[in-house]
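Colleague: fold the following for me, if possible:
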Amino acid sequence: MITLRDYQTECLEAITDAKSKGIHKPLVCLPTSSGKTVIFASLAKQSNCPTLILAHRDELIEQAIDKLQMIWPDVDCGVVKAERNEMNHQVIVASVQTLSRKRRLNDLSKDIGLIITDECFSYGTTVMLANGTKKPIGWLVHHRFNGEVLSYNVDENKIEPRHITDWYCHKPVHPIMRVKLDDRNQSIMCTANHSFWTPDGLKEAIDLQTGDLILTRPRGGRFKVPSLLGKNQKQVVLGSLLGDASIAQNSATHKGRLRFVHSNKQKAYLAYKISVLQSFFPTQPYWSKTEFSPEDGVWSINSISAIEFYQLKHLCYPDGKRQPSQEWLNQIDVYGLSFFYMDNGSLIYHKQSGSYITRFHTEGFNKESVILCANWLKERWDLNSHIVSSKGKYWV
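Modeller: Residues are numbered from 1 along each chain as shown. Sure, this is the predicted structure:
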């Protein structure tokens, strides 16, 4: 038996509510891996009437049967595809291609009370653009619309504009592959373009090589999807790494641990960082004295080990030493810039001009990296920047 998650229960309630209002063809739209098959299997059990489930690929048919039996162990289920024609059952899982044949349709009971279509998307399905207007998804593909649409950010639980990166229309079906795991008697059947999490990020099955590491479900446990860094979360990390943050990596597990260290004066600022990255910081910061600040001490906190920090370690620590690169700086927006300043910046009164100047304390970086930062601040943010040096140290 499977216990439904809160949002899956809410989805079932929404379907029931829609039916009570006379809506008999509701569309359920949820992110990948959120358990849509579990939801419609639960709906079939809840409805307890003659049910037809339609799918257009063999793997979707097998997935539907598997989830039905998990949700509803004594379900009376038949399959209609190819040579199988098991019509005399309460729940029928059928191939669209097979059932569309006239002879098979004629064999179908006229008493079907519930029809579920697994994966349906029509040309006219409307998509809301970032400016609030709506367009059919087919129109966006046909015109190769180069703009932003409103998208749900599952990490931050909010709607935000996202740029369309590609368009697909009648893309050929990918071949099925078997990925065999070497540490257990187990294999994974998937399409060639199925993505797996690896220490180097997402990689399609067809690009996997013998010896690659992928994330899998622990024995006897539930698969835990990596906590993807949201847009703002990533900016906190990238900006802070230009300042006082650091990452330690574990090469054996291909994970990294993020560390923040701040003075007592910046305790509230540290608390804000933790609130943005709360899913990665289940513990509280701890107080300790250091040789640099024996009286005041510092607040420190370490994150959980995560593959995302391991990946950022490679970006921000070329050759094992933390040095800014153009690739790193190009990923930082104004929100990330604010953390660079809060970590490594200061406001100084300039007596000669009677005005204030901002200084970024980049003494820990080499000269080439500091020049890169100065040019980036000038070109990207229109800040009149120059480099000051003393005793072989450089700051902007």
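
Colleague: and the gap between residue 25 and residue 114?
Modeller: Distance of residue 25 to residue 114, given as Cβ to Cβ, to the nearest Å: 11 Å. For the C-beta atoms, the positions are set from N, CA and C on the backbone; glycine is no exception.

Colleague: comparing the two, which residue is more hemmed in?
Modeller: The neighbour count for residue 25 versus residue 114, taken as other Cβ atoms under 10 Å, is higher for residue 114 (16 against 7).

Colleague: for the more buried one, grab phi and psi.
Modeller: phi -140, psi 130 (degrees, to the nearest 10).

Colleague: which residue is the nearest non-sequential neighbour of it?
Modeller: Once flanking residues are discounted, residue 114 sits nearest to residue 51: 4.4 Å by Cβ to Cβ, 6 or more residues apart in numbering.

Colleague: for the one you found, give its distance to residue 300.
Modeller: Residue 51 sits 57 Å away from residue 300, going by Cβ to Cβ.

Colleague: ok, these two, which is more surrounded?
Modeller: Legend: neighbour count by other Cβ under 10 Å for residue 51 and residue 300, higher for residue 51 (24 against 15).

Colleague: report pLDDT for that one.
Modeller: For residue 51, the model assigns a pLDDT of 95.

Colleague: and what of the one 5 residues further on?
Modeller: In this prediction, residue 56 carries a pLDDT score of 81.

Colleague: what's around it, how many residues?
Modeller: There are 14 residues near residue 56, going by other Cβ under 10 Å.

Colleague: ok, it touching residue 99?
Modeller: No - between residue 56 and residue 99 there is no contact under Cβ atoms under 8 Å: 10.5 Å.

Colleague: so what strands line up beside the helix or strand hosting residue 197?
Modeller: Counting by DSSP states H and E, the element that carries residue 197 is strand 195-198. Strands that pair with strand 195-198, judged by DSSP bridges, come out as strand 201-204 (antiparallel).

Colleague: just checking, next helix/strand downstream of the strand it pairs with?
Modeller: helix 231-241.

Colleague: now the strands for the stretch 251-396 of the chain?
Modeller: 255-263, 286-288, 298-302, 345-350, 355-360, 388-390, 393-395 (DSSP state E, counting those that start in this stretch).

Colleague: mean neighbour count, these: which tops it?
Modeller: Of all the strands of the stretch 251-396 of the chain, strand 255-263 has the most neighbours on average by mean count of other Cβ atoms under 10 Å, namely a mean of 21.

Colleague: what's that strand packed up against?
Modeller: Judged by 3 or more Cβ pairs under 8 Å, 6 or more residues apart in numbering; DSSP states H and E, the packing partners of strand 255-263 are strand 246-250, helix 267-276, strand 298-302, helix 307-316.

Colleague: so which elements touch the first one?
Modeller: When you say that, I think you mean strand 246-250. strand 255-263, helix 307-316.

Colleague: what do you get for the second one?
Modeller: In terms of contact count using 3+ Cβ pairs under 8 Å, 6+ apart, helix 267-276 is assigned the packing partners helix 231-241, strand 255-263, strand 298-302.

Colleague: okay, the ones you listed in a markdown table with mean pLDDT next?
Modeller: Output for the helices and strands packed on helix 267-276, formatted as a markdown table (pLDDT from 0 to 100):
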| stretch | mean pLDDT |
| --- | --- |
| helix 231-241 | 93 |
| strand 255-263 | 90 |
| strand 298-302 | 91 |
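
Colleague: can you redo those as CSV with distance to residue 381?
Modeller: Listed next are those as CSV, based on distance: least, Cβ to Cβ, whole Å:
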stretch, distance to residue 381
helix 231-241, 13
strand 255-263, 24
strand 298-302, 29
